[in-house]
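Engineer: no sequence for this one, just the structure:
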């Protein structure tokens, strides 16, 4: 069974927090789970406007869009930006060296 959901929204006016219930007339929900090993998409369908019963007619997983791959892309990008910094030019530090060095990656 689906429990009652409430969403919290923050407005720009003095950071007031309002609790607003989700809409009662929804029929479809898309759940996006971007995990470490893959991107998982789940489609939930509400059987009727008067019920709280949901079905999952479709689920798909995309391992090519994993969080680990996104992290690797970001690390490579930051290493390339670091390599272009004037303070590191001529000191023998390159992006490949930073990415290949666990201590440098941690920093």
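Structural biologist: Arrived safely. Because the structure is predicted, anything quoted here is derived from the model rather than measured.

Engineer: ok, and what's touching stretch 35-46?
Structural biologist: Stretch 35-46 is contacted from outside by 26-34, 52-63, 65-68, using Cβ atoms under 8 Å, 6 or more residues apart in numbering. Just so you know, the C-beta spots here come from the backbone N, C-alpha and C atoms, and that holds for glycine as well.

Engineer: keep only those of those that are in helices.
Structural biologist: Mapping the contacts of stretch 35-46 onto helices (DSSP state H) picks out 67-68.

Engineer: burial count for residue 78?
Structural biologist: Residues lying near residue 78 (other Cβ atoms under 10 Å) number 14.

Engineer: cool, residue 81 as well?
Structural biologist: 10.

Engineer: residue 80 now?
Structural biologist: Neighbours of residue 80 (other Cβ under 10 Å): 14.

Engineer: let me know the pLDDT of it.
Structural biologist: pLDDT, the model's per-residue confidence, is 81 for residue 80.

Engineer: helix or strand for it, which one?
Structural biologist: Residue 80 is part of helix 67-84, with elements assigned from DSSP states H and E.
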